[in-house]
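Participant: Requesting a structural model of the entry that follows:
(one chain, ligands or ions: 1)
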Amino acid sequence: MSQTANFDIKPYWQNYINGAWVDGGAGRLAVDNPATGEVLAEQALADRADIDRAVQAAKACHQSGALSDLRPVERGRMVQKMGQYLLNNIDEIANLLCLEAGKPLWEARVEVAGAARYFEYYGNQAETVEGRSIPLGSRYLDFTVYEPYGVSGQIIPWNYPLEMTARSLSAGLATGNACVVKTPELDPLSNYYMAKAAEFAGLPVGAVNILCGYGHEAGDALTIHDDVNQIVFTGSVQTGMAIAGNAAKHVVPCVLELGGKSAAIVYPDADMDNLEQSIRWGIYFNAGQVCSAMSRLVVHESVRDEVVERAAALANRLNVGPGMERAEFGDNMGAMVSAKQRDRAEGLCRRAESEGARLAAGGHALNRPGHFLQPTVFDQVTPDMNIAQEEVFGPVLSVLSFKDDAEALAIANGTDYGLVGGVFTADIERAMEAAQRMRSGQIFINEWYAGGVETPFGGYGKSGYGREKGREALWNYVQTKNIAIARIAGTHPGRA
Ligand code: NAD
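Facilitator: The predicted structure is shown next:
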């Protein structure tokens, strides 16, 4: 057992297929601790045959009706119970998540609670998926019903391994789909608790299968499998395009939750203390490894110096180091998930400087073991620079400036992405104008990340399609069936 803090970590973690813990056909994968760069534990690595077994288990579960035939309230209670299990074990799960993903312990606890919240919400929603009846005259009784697709294949990224699984799995199960989840290679361990939660909740065997494997092997196998009926993918644009292609070949619907380069427009009348709070959360939470990160600030030129000064002071104030030593919420930040991600982000910083952006804070890796990057602020960024267009997926804020409202909107809308957007102003007219004209799936006025599990989330443009979260997400997991019942002439007495 490897010892970290007061927590023992199993040296080896298996996959979960058809209600059993199993080794992987592709062997084992070493999972690192991003805070040290050392190996934390090993994870079973699924191959294509493992994926096939998991899909067959899910298919058998679906065909048996063990999940889909239940009265929705019963399914909903089981889904809720999964969330209760996560909360009951939050200390243990958060410790593991902190160690495998590099985030501060308090952030890991936020993620476990967030994951539990998905199960609470979609457990509640299970019995609200109702059809309607459509009048066709007295000879017919016509109505729609919503049925699960059957087998839902779900592919998860490493930035929120537990919460992203919870997001798709809770909605998939609540609507009666049997699920096969492909967890991320960099931090798959904490998803062990998803399988434990499913067992605790009494879900039928085969309803939840949790496997780690390489994307190009296990992930690909899941998205080309003939018996997968619906795909949910959260990850990069490049992988999303490959998956959409596979889904199209099988005429299977998919939800794509991809990247972003989201902008907040800051008008001169913005409350600066409030904005600073949003910068703290928007770009430095999870070391900026958030698809909906506030990675661009589009600031009116009259307040640009003040905003840059505040952002740089905040970045310099954040205390960066191992997540385990950052148990409490505060001015702190953890590691990036891997050396590769950190080096990529640092490389993008060098390129930004070479293109003329001014480094106002950070910009360099920490000179210590582990994958740490300083909280970073770039000033004098212009829309043509790479740093203004490419997703960094790290703690790097780009500040651009504007002169008038039209220019602000053009800059904000001037990327291939469209995940979220924000506006900071005291002027409701300006806020409304920006909210209506920004091309993104969610708009935050005066608070980045306002909203919650209840509010639909998803992208415009290359940020993807389909929605997760909120009631909208339910419709991705069900298909509509219309049933028309006709009276056969002469077989009914007719009206008196
Ligand atoms: P990624 O695309 O590299 O990997 C995501 C998942 O896809 C992993 O499980 C990986 O194994 C799998 N995968 C890789 N190649 C595959 C293939 N050919 N077929 C099937 N599966 C394959 O992305 P990542 O680096 O893990 O995550 C970071 C990206 O995810 C960022 O772009 C980020 O913006 C995005 N993201 C989006 C959201 C959202 O809700 N919109 C949430 C989190 C992360």
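
Participant: which residue packs closest to Q277, ignoring adjacent ones?
Facilitator: Spatial nearest neighbour of Q277, chain neighbours left out: E447 (7.9 Å); criterion: C-beta to C-beta, 6 or more residues apart in numbering. The way it works is simple: take the backbone N, C-alpha and C, and place the C-beta from them, glycine included.

Participant: Secondary structure of that neighbour: a strand, I assume?
Facilitator: No: counting by DSSP: H, G, I helix; E, B strand; the rest coil, E447 is located in no strand; its state is coil.

Participant: Count residues in the vicinity of it, would you?
Facilitator: 15 (other C-beta atoms under 10 Å).

Participant: What parts of this protein come near the ligand?
Facilitator: The chain comes close to the ligand at residues 155-159, 164, 182, 184-185, 215-216, 219-220, 223, 234-236, 239, 242-243, 257-260, 291, 391, 393, 419, 464, as judged by C-beta under 6 Å from any ligand atom.

Participant: if you look at those residues, which of them are in strands?
Facilitator: Judged by DSSP state E, the residues of the chain next to the ligand include 155, 182, 234, 257, 464 as members of strands.

Participant: Taking those together, which two end up most distant?
Facilitator: Farthest apart among these by C-beta to C-beta are K182 and G464. That separation is 17.4 Å.

Participant: re the thing from before, filter the ones in strands among the residues of the chain next to the ligand to the buried ones?
Facilitator: 155, 182, 234, 257, 464 (16 or more other C-beta atoms under 10 Å).

Participant: and of those residues, the nearest to the ligand?
Facilitator: The ligand has its nearest neighbour among those in E257, at 3.3 Å by C-beta to the nearest ligand atom.

Participant: Could you verify my assumption that the closest one touches G458?
Facilitator: Yes: using C-beta atoms under 8 Å, E257 is in contact with G458, at 6.1 Å.

Participant: anything in contact with each of the two?
Facilitator: 464, 466, 468 (C-beta atoms under 8 Å, 6 or more residues apart in numbering).

Participant: and the last one, bridged to which residues?
Facilitator: Spelled out, it's E468. Beta-bridge partners recorded for E468 (DSSP bridges): F457.

Participant: Now do it against A26, distance only.
Facilitator: 29 Å (C-beta to C-beta, to the nearest Å).

Participant: Between these two, point out the one with more neighbours.
Facilitator: Taking other C-beta under 10 Å, E468 and A26 do not tie; E468 has more neighbours (21 against 18).

Participant: mind listing what that one touches?
Facilitator: When contacts are counted by C-beta under 8 Å, 6+ apart, E468 touches 167-168, 171, 232, 234, 255, 257, 456-458, 476.

Participant: Check V255 too.
Facilitator: By C-beta under 8 Å, 6+ apart, the residues touching V255 are 168, 231-233, 458, 464-468, 476.

Participant: Which of those are buried, as a ChimeraX select command?
Facilitator: Per 16+ other C-beta under 10 Å, the buried members of the contacts of V255 correspond to this ChimeraX selection:
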select :168,231,232,233,458,464,465,466,467,468,476
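
Participant: could you dump the contacts of V255 to JSON lines with distance to A248?
Facilitator: Shown next, in JSON lines, are the contacts of V255 (distance: C-beta to C-beta, whole Å):
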{"residue": "S168", "distance to A248": "20"}
{"residue": "I231", "distance to A248": "11"}
{"residue": "V232", "distance to A248": "15"}
{"residue": "F233", "distance to A248": "13"}
{"residue": "G458", "distance to A248": "19"}
{"residue": "G464", "distance to A248": "15"}
{"residue": "Y465", "distance to A248": "13"}
{"residue": "G466", "distance to A248": "14"}
{"residue": "R467", "distance to A248": "20"}
{"residue": "E468", "distance to A248": "20"}
{"residue": "N476", "distance to A248": "16"}
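
Participant: between the contacts of V255, which is nearest N274?
Facilitator: N274 has its nearest neighbour among the contacts of V255 in G458, at 26.3 Å by C-beta to C-beta.

Participant: Check the contact between the closest one and G464; I expect there is one.
Facilitator: Yes: G458 is within contact range of G464, at 6.0 Å (criterion: C-beta under 8 Å).

Participant: Between those two, which contacts overlap?
Facilitator: Shared contacts of G458 and G464, defined by C-beta under 8 Å, 6+ apart, comprise 255, 257, 419.

Participant: My understanding was that P383 contacts G414; is that so?
Facilitator: Yes: when contacts are counted by C-beta under 8 Å, P383 is listed as touching G414 (5.3 Å).

Participant: mean confidence score for the longest helix anywhere in the chain?
Facilitator: In the chain, with assignment by DSSP state H, the single longest helix is helix 105-125. Mean pLDDT, helix 105-125: 98.

Participant: From the chain's centre, how far out is it? Work that out for me.
Facilitator: In terms of C-alpha atoms, centre = their mean, to the nearest Å, the centre of helix 105-125 is set 12 Å apart from its chain centre.

Participant: And for stretch 258-271?
Facilitator: Relative to its chain's centre, stretch 258-271 lies at 20 Å (C-alpha atoms, centre = their mean).

Participant: again, but for stretch 235-246
Facilitator: How far stretch 235-246 lies from its chain's middle: 15 Å, per C-alpha atoms, centre = their mean.

Participant: ok, now stretch 31-50?
Facilitator: 20 Å.

Participant: Just to be sure, E472 is in a helix?
Facilitator: Yes: the assignment for E472 is a helix, going by three-state DSSP.

Participant: In contact with it, which residues are there?
Facilitator: If a contact means C-beta under 8 Å, 6+ apart, then E472 has P456 as its contacts.

Participant: could you redo the last one with a cut-off of 10 Å?
Facilitator: Contact analysis of E472 by C-beta atoms under 10 Å, 6 or more residues apart in numbering lists 455-458, 466.

Participant: Output the residues you listed in a markdown table; the columns should cover pLDDT and distance to M336.
Facilitator: Below are these laid out as a markdown table (pLDDT from 0 to 100; distance: C-beta to C-beta, whole Å):
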| residue | pLDDT | distance to M336 |
| --- | --- | --- |
| T455 | 98 | 28 |
| P456 | 97 | 29 |
| F457 | 97 | 23 |
| G458 | 97 | 25 |
| G466 | 96 | 28 |
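
Participant: Can I get the residues you listed in JSON lines including distance to A431?
Facilitator: What follows is these, written out as JSON lines (distance: C-beta to C-beta, whole Å):
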{"residue": "T455", "distance to A431": "17"}
{"residue": "P456", "distance to A431": "20"}
{"residue": "F457", "distance to A431": "20"}
{"residue": "G458", "distance to A431": "22"}
{"residue": "G466", "distance to A431": "27"}
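
Participant: Is there a neighbour count for R77? I'd like the number.
Facilitator: Around R77 there are 17 residues (other C-beta under 10 Å).

Participant: That one is in what secondary structure piece?
Facilitator: Here R77 is covered by helix 72-88, with elements defined by DSSP states H and E.

Participant: Since that was my last question, I'll sign off now.
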